[in-house]
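Novice: Below is the structure, and that's it, no one-letter string:
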């Protein structure tokens, strides 16, 4: 049965079907769920965490089947880190990442060629790709002496990159790159945004020559919902409260926050907050709601930063019907939606990943 046929199944029947399929699969299958995953899928996970953490955990397991409830690039990383005889499955292939899609191999290749009109990029520029990118872009970095980074180690990665070449091309998220470079002491005038829809990124030769970091004009649609006014309004009502934000947020939000850090940092910080404390959190809605619910028992107030409901809509495509269909198919011996990175891409992408792992 393909998913189109399965869609006719009543949503209310998904829970028992998921449980029954998992019982049939037993220890052959492990289910991973990202922190941003919707609650009615997250509750079924064996392991929960951020994208790289989950990929690493999957690689340490003996499970034959790894069902990754996240988005496409996360499942790609899991496939590259797991053994050849392990199968990584994404319940809905439409679960992508709009930020990751803002940088493509053709656009990055074009950027590299255009940089070549001004300087020798392979001698002067270290490409750094955020983990939130396709395997093909990680392969580009591996091929050109570059590296991958996460939101928690971006500072260390930039120092590594600058130690090798004078400039960094950072993609796909300009905001993580900008915040991290500022924390490293790089003034804003030494940064330039590369607009991939304009010739030579919309920059002059002088701007390219001056820049220590070229920031790809990409962003996370969820984290761009948060604005400085949201922080100001909340502080007026809660002068003793704390603000914590993800570095994918706009620089104006990060500069107003008491703490800025990765998903893992946010979870750890808010989960350890003392009773009576109040928190405004700038990251994905499902995670914030989970932290708020957990905080109630400890007398900790947690509020989502934006007054508008905003979740990771692409990850939300993995819903109970897709999960039930996927698990039943696997239990019946039919592998669906397998994520398999091509060997030639994998070989170069793993180089960029291993350079990052070597710094830990």
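Specialist: Cool, the structure landed. In this text the structure is predicted, and so the values were computed from the model without any measurement.

Novice: can we go C-alpha only for contacts and neighbour counts from here?
Specialist: Fine.

Novice: so what's residue 275 up against?
Specialist: Contact analysis of residue 275 by C-alpha atoms under 8 Å, 6 or more residues apart in numbering lists 298-300.

Novice: Relative to residue 173, how far out is it?
Specialist: As judged by C-alpha to C-alpha, to the nearest Å, residue 275 and residue 173 stand 35 Å apart.

Novice: ditto for residue 214
Specialist: Going from residue 214 to residue 173 by C-alpha to C-alpha gives 11 Å.

Novice: what's the answer for residue 156, then?
Specialist: Distance from residue 156 to residue 173, by C-alpha to C-alpha: 17 Å.

Novice: all strands of the stretch 251-360 of the chain, in order?
Specialist: 259-260, 278-282, 301-304 (DSSP state E, counting those that start in this stretch).

Novice: and the first one, which strands flank it?
Specialist: Which is strand 259-260. If you go by DSSP bridges, strand 259-260 pairs up with strand 242-245 (parallel).

Novice: From the rest of the structure, what touches the strand it pairs with?
Specialist: The contact list for strand 242-245 (C-alpha under 8 Å, 6+ apart) reads 231, 253-254, 256-261, 266, 277-283.

Novice: at 7 Å instead, please
Specialist: With contact meaning C-alpha atoms under 7 Å, 6 or more residues apart in numbering, strand 242-245 is reached by 254, 257-261, 266, 278-283.

Novice: returning to that earlier point: okay, the strands of the stretch 251-360 of the chain, which one's buried deepest?
Specialist: When the strands of the stretch 251-360 of the chain are scored by mean count of other C-alpha atoms under 10 Å, the highest mean neighbour count falls to strand 278-282 (a mean of 26).

Novice: Show me what that one pairs with in its sheet, parallel or antiparallel.
Specialist: Sheet pairing of strand 278-282 (DSSP bridges) gives strand 242-245 (parallel), strand 301-304 (parallel).

Novice: Out of these, which gets nearest to residue 350?
Specialist: Evaluated over these, closeness to residue 350 peaks at strand 242-245, with 29.9 Å, by C-alpha to C-alpha.

Novice: how about low-confidence regions in the stretch 201-350 of the chain?
Specialist: For the stretch 201-350 of the chain, applying pLDDT under 70 flags the ranges 309-311.

Novice: now the helices for it?
Specialist: Here the stretch 201-350 of the chain has its helices, by DSSP state H, counting those that start in this stretch, at 205-210, 228-237, 251-256, 263-271, 285-296, 320-331, 343-357.

Novice: now the stretch 1-150 of the chain
Specialist: Counting by DSSP H, counting those that start in this stretch, the helices of the stretch 1-150 of the chain are 3-6, 14-25, 39-42, 51-60, 72-81, 98-101, 105-115, 121-124, 135-143.

Novice: can you put the ones you listed in JSON lines and add mean neighbour count?
Specialist: Listed next are these as JSON lines, based on neighbours: other C-alpha atoms under 10 Å:
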{"stretch": "helix 3-6", "mean neighbour count": "12"}
{"stretch": "helix 14-25", "mean neighbour count": "17"}
{"stretch": "helix 39-42", "mean neighbour count": "18"}
{"stretch": "helix 51-60", "mean neighbour count": "19"}
{"stretch": "helix 72-81", "mean neighbour count": "25"}
{"stretch": "helix 98-101", "mean neighbour count": "18"}
{"stretch": "helix 105-115", "mean neighbour count": "16"}
{"stretch": "helix 121-124", "mean neighbour count": "16"}
{"stretch": "helix 135-143", "mean neighbour count": "24"}
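
Novice: out of the ones you listed, nearest to residue 227?
Specialist: Closest approach to residue 227 among those is made by helix 98-101 (18.3 Å; C-alpha to C-alpha).

Novice: tell me which residues of stretch 227-237 are tucked away?
Specialist: Residues 227-228, 230-231, 234 are the ones in stretch 227-237 that count as buried (16 or more other C-alpha atoms under 10 Å).

Novice: List just the nearest of these to residue 349.
Specialist: Using C-alpha to C-alpha, those come closest to residue 349 at residue 227, 34.7 Å.

Novice: which residues touch the closest one?
Specialist: Applying C-alpha under 7 Å, 6+ apart, the residues contacting residue 227 are residue 253.

Novice: any idea how far it lies from residue 216?
Specialist: From residue 227 across to residue 216, the span is 21 Å (C-alpha to C-alpha).

Novice: Which residue lies nearest the spatial centre of this structure?
Specialist: residue 132 (4.3 Å; C-alpha atoms, centre = their mean).

Novice: Look at the nearest residue to that residue once chain neighbours are set aside and report its pLDDT.
Specialist: Leaving aside its chain neighbours, residue 132 sits nearest to residue 100 (5.6 Å; criterion: C-alpha to C-alpha, 6 or more residues apart in numbering). With respect to pLDDT, residue 100 has a value of 93.

Novice: domain assignment for the chain?
Specialist: When the chain is parsed with automatic domain parsing, its domains come out as 3-96+314-341, 100-220, 223-304.

Novice: Which one, of these, ends up nearest to residue 352?
Specialist: Of all the domains of the chain, it is domain 100-220 that lies closest to residue 352, at 4.3 Å by C-alpha to C-alpha.
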